[in-house]
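Chemist: predicted model and sequence below, questions to follow.
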Amino acid sequence: MTGKRLQNRIAGSRLALPVTVLYAALVWIVGGLLTDKLWIEFGLMVVTTYIMVELNNKNTLIHTYSRMVSCSFLVLTVATGMIFHDISCCVLQLCWASFYMLLFTVYQDKQAAGRVFYAFLCIGIGSTAFIHLLFFVPVLWLLLAFNLQSFSARTFWASVLGLMMPYWFVAAYCFYQDDMQLLTEHFAALAVFQPLSDIADMPLLQVVTFAFIALLGLLGTIHFFVTRIHDKIRTRILYDLFVIIEFACIAFIILQPAHYKQLMALLTVNTAPLIAHYLALSPTRLSNIMFFVLSASAFLLTLFNLWTF
């Protein structure tokens, strides 16, 4: 049996998360944390990172001690470079991670209407920042039914109420401001589709960043399917969910690259558990080399995105 390599020792180290947090904080400072007073955005990322830690702890996404889920999230987030001056991306990441955290607690529980309500409330809040997030809802309902086996009339209507709840407050605000057109324009954006040819107009660095994170997701997916026999049944089901959402996000970016920033925010949250599974659990010499190649690539990508920001 192959022993632990340097990659596995780093992935299982208790210093991995503190060192990664320090690295991410330094990138934030270079990206304008102090000069542009990005304290709210930074705070949202800190909270999201904590949720990613708990997401792994409470669901045993990696069946050995490792902080790779949260570390991968931090590295991928700062590598994209788009989060520093776009609070909507930070809100989306927090809502998406919170949604996962709540949704995974309803596994095989068709009476968990309260938790489903709060999970989809996160989606509703996120959709106020990015209305196209609602396109994921039918997929999420299918996953609730077939993966988590928690779909019932109670959980369905709880999810609908959760989605609607933020808009009761938005509608009240628009009514108070005598500007209901703001709300109608927000929903009208759902019917606006950009030409597919727009992807050819994306900056090269955005294409490279997207391709890199999509490649990590694919690598993590392949590793999961090859080694899934070693995971518990519940963990397999959760990772199946990650894989489906991963390909949904990738397809959405390809079809509607105009929403690159917001969709990449979702993709980084979703890719983190997939690549973390590979980095923490694969003991091969190739994966040991890939760990350092991918780490160096992420660092270089971070530098380029900061340089061109």
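Modeler: The structure has been received and is ready for your questions. Residues are numbered from 1 along each chain as shown.
Chemist: what's the closest non-adjacent residue to Arg285?
Modeler: Closest residue to Arg285 apart from its sequence neighbours, by Cβ to Cβ, 6 or more residues apart in numbering: Arg5 at 7.2 Å. For every residue, glycine as well, the C-beta is placed using N, CA and C.
Chemist: that neighbour contacts Ala280, correct?
Modeler: No. Contact criterion Cβ atoms under 8 Å: Arg5 and Ala280 do not qualify, at 11.6 Å.
Chemist: more neighbours, these two?
Modeler: Ala280 (26 against 17; other Cβ atoms under 10 Å).
Chemist: got the contact list for that one?
Modeler: 8, 11-12, 62, 64, 66, 68 (Cβ atoms under 8 Å, 6 or more residues apart in numbering).
Chemist: out of these, flag the one nearest to Thr227.
Modeler: Ile62 (11.4 Å; Cβ to Cβ).
Chemist: check contacts around the closest residue to Thr271 other than its chain neighbours.
Modeler: Spatially, and ignoring its direct neighbours in sequence, Thr271 is nearest to Gly217 (4.4 Å; Cβ to Cβ, 6+ apart). Taking Cβ under 8 Å, 6+ apart, we find Gly217 in contact with 246, 250, 267, 270-271, 274-275.
Chemist: so for Gly217, what's the pLDDT?
Modeler: The score at Gly217 is 98. That number is its pLDDT.
Chemist: likewise Thr2?
Modeler: Value for Thr2, per-residue pLDDT: 49.
Chemist: next: the one 4 residues further on.
Modeler: Model confidence at Leu6, expressed as pLDDT, equals 91.
Chemist: neighbours around the spatially closest residue to it that is not a sequence neighbour, how many?
Modeler: Spatial nearest neighbour of Leu6, chain neighbours left out: Asn288 (6.2 Å); criterion: Cβ to Cβ, 6+ apart. By other Cβ under 10 Å, 19 other residues sit near Asn288.
Chemist: how about Asn288, what does it touch?
Modeler: Contacts of Asn288 (Cβ under 8 Å, 6+ apart): 5-7.
Chemist: same question, Ala298
Modeler: Shown in contact with Ala298 (Cβ under 8 Å, 6+ apart): 75-76, 79, 212.
Chemist: between the residues you listed, which is closest to Thr155?
Modeler: Leu76 (31.1 Å).
Chemist: spatially nearest residue to that closest one, not counting backbone neighbours?
Modeler: Thr268 (4.3 Å).
Chemist: how much space between the one you found and Ala11?
Modeler: Counting by Cβ to Cβ, to the nearest Å, the separation of Thr268 from Ala11 is 18 Å.
Chemist: ok, the two, which is more surrounded?
Modeler: Higher neighbour count among Thr268 and Ala11: Thr268, with 29 against 25, using other Cβ under 10 Å.
Chemist: state the mean pLDDT of whatever helix or strand that one lives in.
Modeler: Following DSSP states H and E, one finds Thr268 within helix 260-281. When pLDDT is averaged along helix 260-281, the result is 96.
Chemist: start at 21 instead
Modeler: Okay, using 21 as the starting number, the last item reads as helix 280-301.
Chemist: can you pull the buried residues of the next helix-or-strand element following that helix?
Modeler: Tracing the chain past helix 280-301, the next element assigned as helix or strand by DSSP H and E is helix 305-328. The neighbour-count check on helix 305-328 (16 or more other Cβ atoms under 10 Å) flags 307-308, 310-311, 314, 317-318, 321-322, 324-326 as buried.
Chemist: what mean pLDDT does helix 305-328 get?
Modeler: Helix 305-328 comes out with an average pLDDT of 94.
Chemist: and the angle from that helix to helix 280-301?
Modeler: Relative orientation of helix 305-328 versus helix 280-301 (axes from the mean of the first three to the mean of the last three Cα atoms, to 10 degrees): 150 degrees.
Chemist: please state the offset of helix 305-328 from the chain centre?
Modeler: Remark: helix 305-328 is offset 19 Å from the chain centroid, using Cα atoms, centre = their mean, to the nearest Å.
Chemist: if we can go back for a sec, as CSV, the contacts of Asn308 with secondary structure and distance to Leu181 would be great.
Modeler: Output for the contacts of Asn308, formatted as CSV (DSSP: H, G, I helix; E, B strand; the rest coil; distance: Cβ to Cβ, whole Å):
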residue, secondary structure, distance to Leu181
Arg25, coil, 49
Leu26, helix, 50
Gln27, helix, 45
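Chemist: now, which of the contacts of Ala318 sits nearest Thr125?
Modeler: Closest to Thr125 out of those is Leu96 (24.8 Å), distances taken as Cβ to Cβ.
Chemist: would you confirm that the closest one contacts Ala292?
Modeler: Yes. Judged on Cβ under 8 Å, Leu96 makes contact with Ala292 at a distance of 6.1 Å.
Chemist: the two: which is more packed in?
Modeler: Comparing Leu96 with Ala292 by neighbour count (other Cβ under 10 Å), the higher total belongs to Ala292, at 30 against 25.
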